[in-house]
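**Student:** Based on what follows, work out the 3D shape:
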Amino acid sequence: MDSRTRIEALQQLMDEVSKCRKCNLWRSRRNPVLGDGSVEASIVFIGEAPGYWEDIKGKPFVGSAGKLLDEILRENLILRDEIYITNVLKCRPPENRDPRPEEIAACSDYLERQLDLIRPKIIVTLGRHSTAYIFSRAGIPFKSIGDVQGRIYEVKFWETKTYVVPSYHPAAALYNAKLRDEIGNAIRLVGRMRGELGI
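**Tutor:** Residues are numbered from 1 along each chain as shown. As a prediction, this is how the structure comes out:
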């Protein structure tokens, strides 16, 4: 599938998300947040849900957690326009509360279609909700983000080898500075893998 077809398909998806009424989050959101970045990306980052600034601007990871993620990406020579970044939920939960299971279930089709369009070689899951979702899809048991942080999991998506690297969510490092190094280690691992895979 060429870039133009992917861009058109993602635009259609955005139109659907903007009209979505599958759960109640549409009632309180300002702007839905589909995703951002390269449609040719070999690396996709998946967070949990839009926050305050994402809801204002309609783009993922543009608040404090996004700035921290950008900083860690730059340190590891990964540019935002080289990757694609999205969330499990496309609408902000009130007060930035955790996504609810029924909201994840209602929204998951959009994430699935995004991934199917881009078909990344590496998926970086940021936080427990995105990690639990992708692990469930891959048939991997999940207990806690601390148990899997910064490891590489080889799975088979789209009939091809795909790598999943779970990490703490950057927002967690805003409250616990020690986690910044853990997130940095996971992103560093992704940078090394990119070199080894030639992507």
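
**Student:** Provide a list of residues in contact with the residue nearest to residue 169 when sequence neighbours are not counted.
**Tutor:** Closest residue in space to residue 169, ignoring its immediate chain neighbours: residue 127 at 3.3 Å, by CB to CB, 6 or more residues apart in numbering. C-beta: built from backbone N, CA, C; applies to glycine. By CB atoms under 8 Å, 6 or more residues apart in numbering, the contact list for residue 127 reads 47, 48, 145, 167, 168, 169, 171, 172.

**Student:** Please repeat the previous calculation with a cut-off of 7 Å.
**Tutor:** 47, 48, 145, 168, 169 (CB atoms under 7 Å, 6 or more residues apart in numbering).

**Student:** By neighbours, which of those residues wins?
**Tutor:** Greatest neighbour count in these, by other CB atoms under 10 Å, goes to residue 47: 27 neighbours.

**Student:** Could you check the pLDDT of that one?
**Tutor:** Looking at residue 47, its pLDDT stands at 98.

**Student:** so it makes contact with residue 59?
**Tutor:** No: with contact defined as CB atoms under 7 Å, residue 47 does not reach residue 59; the gap is 11.9 Å.

**Student:** What are the contacting residues of the helix or strand hosting residue 72?
**Tutor:** Applying DSSP states H and E as the criterion places residue 72 in helix 64-75. Residues outside helix 64-75 that contact it (CB under 7 Å, 6+ apart): 51, 61, 80, 169, 170, 171, 173, 174, 183, 184, 187.

**Student:** Quick check: longest strand in this protein by residues?
**Tutor:** Determined from DSSP state E, the single longest strand within the chain is strand 160-167.

**Student:** can you pull out the strands in the protein?
**Tutor:** Going by DSSP E, the chain shows strands at 35-37, 43-47, 84-87, 122-126, 153-157, 160-167.
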